[in-house]
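> coordinates for the following, if possible.
(one chain, ligands or ions: 1)
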Amino acid sequence: MVNILFLFLYLSTLNLNVQSLDSGTENLNGLNNANPTDQSMLWPFVKIHFKDQQVQSPIDILKQCSYELSISSLLYYDYWRDESVLIKIINNGQALYVHTLHFGYQSRYLEIENKLAIITGGPLFDSLYEFNRMYFYWGDVGECGSENQMNDQFYAMEVQMVHFKQEYGSYENATRYDDGICIVSFFGQISDEDNIDLKNLVTNLNVIQTSDQYLVGRFNNYFSWLLPIAEENQYYTFPGSLTKDPYTQCVIWIVYKNTFKISQTQLSTFRTLVGSDQQMITSTKRREIQPLNNRPLCWT
Ligand SMILES: *[C@@H]1O[C@H](CO)[C@@H](O)[C@H](O)[C@H]1NC(C)=O
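Numbering: from 1, shown residues only. This is a model prediction of the structure:
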């Protein structure tokens with residue numbers, strides 16, 4: 001309660017500052033020399049300046065272009081617990097894809113009313129963002145599979161959890177707003193040994209080897225391996241876009257600095273997934289890296 005009150009006070013202060021700015025462009029150009037404690041520079045309030053500026057994704061997240069932001073922790077509800085949110089993991093013919101089961105799951109044996117998984121806090125302040133879908137990126141060969149880069153480096157895998165701002169009611173409606181979508185991203189790095197926490201997901205990939213096959217389960221059963229990274233709470237955050245057509249600039253990106261481990265053997269299991277064209281599913285069609293364009297790039 002005290003935290004929420006604090007956020008409201010904080011928000012009103014920031015709004016006052018934003019209103020007193022004459023020209024956003026002028027301010028953004030001066031970003032590199034900016035005093036990082038100048039609150040008018042803080043994301044997400046600079047978003048009002050992006051109307052005519054390109055803040056496209058993916059990007060190369062460069063430490064030397066970022067500044068430290070001191071904000072509250074990102075909070076997760078119903079991701080990593082026994083009764084966590086129900087998800088469907090599907091090979092949709094083009095990609096490995098996860099979405100939440102909104103209306104619960106019914107089968108002959110069980111009927112469960114699903115709950116929603118929510119994030120809030122951090123750069124989202126007191127707004128609630130509902131977990132909606134997940135994307136996975138890996139390469140067909142080698143160790144470059146991620147969409148974004150961090151300090152000029154690609155990673156073997158990138159897992160993106162996509163959320164929409166709850167007050168906009170749906171993913172589709174939220175994409176019409178600057179702050180509509182929040183993508184939380186995790187990088188995977190090659191390790192010599194198997195990551196045992198990945199075992200349940202990797203083993204079950206053989207059930208969805210070909211197009212239109214799917215699995216239903218609880219988030220925590222398949223994605224417990226993301227928890228330690230979220231707990232470290234060290235991430236970059238910046239405004240950007242969807243990485244697929246129509247590339248709408250509606251995304252608050254949160255990209256964790258710490259990575260999960262994945263062995264070559266485990267990665268090769270992802271590479272056995274086959275799409276509707278009978279070819280290997282990969283992210284080789286991923287979008288090229290977009291310019292930073294002096295957007296605010298913050299870390300915590
Ligand atoms: C989209 O979100 C706005 C803001 O919350 C809301 O007023 C509007 O009714 C929503 N539109 C649809 C189609 O859901």
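
> switch to C-alpha atoms for all contacts and neighbour counts from now on
Will do.

> residues near residue 206, how many?
14 (other Cα atoms under 10 Å).

> an error on my part: the question was meant for residue 220.
When neighbours are defined as other Cα under 10 Å, residue 220 has 20 of them.

> ok, then the element right after the helix or strand where it lies?
Assigned by DSSP states H and E, residue 220 belongs to helix 219-223. The first helix or strand that comes after helix 219-223 along the chain, using DSSP H and E, is helix 227-232.

> just checking, what packs against that next one?
strand 251-263 (3 or more Cα pairs under 8 Å, 6 or more residues apart in numbering; DSSP states H and E).

> mean confidence for the strand it packs on?
Average pLDDT, strand 251-263: 97.

> strand partners (parallel or antiparallel) of it?
strand 181-191 (parallel), strand 235-240 (antiparallel) (DSSP bridges).

> quick revisit: tell me which strands and helices the helix holding residue 220 is in contact with?
Looks like helix 219-223 contacts helix 199-204 (3+ Cα pairs under 8 Å, 6+ apart).

> I would like the residues contacting the helix it packs on, please.
Defining contact as Cα atoms under 8 Å, 6 or more residues apart in numbering, one finds that helix 199-204 is touched by 221-223, 266, 269-270.

> what residues sit buried inside that helix?
In terms of neighbour count (16 or more other Cα atoms under 10 Å), helix 199-204 has its buried residues at 201-202.

> distance between that helix and the chain's centre?
Relative to the mean C-alpha coordinate of its chain, helix 199-204 is positioned 22 Å out (Cα atoms, centre = their mean, to the nearest Å).

> cool, and stretch 184-194?
Relative to its chain's centre, stretch 184-194 lies at 15 Å (Cα atoms, centre = their mean).

> output that stretch as CSV - backbone C-alpha positions only.
C-alpha atoms of stretch 184-194 as CSV (Å, rounded to 0.1, in the frame of the first residue of the first chain):
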residue,chain,number,x,y,z
VAL,A,184,9.9,-9.5,-21.2
SER,A,185,12.9,-11.2,-22.8
PHE,A,186,15.4,-13.8,-21.7
PHE,A,187,18.6,-14.8,-23.5
GLY,A,188,19.9,-18.4,-23.6
GLN,A,189,23.6,-19.1,-23.7
ILE,A,190,25.3,-22.3,-24.8
SER,A,191,26.7,-24.5,-21.9
ASP,A,192,28.6,-27.7,-21.9
GLU,A,193,26.1,-29.5,-19.7
ASP,A,194,22.4,-29.9,-20.0
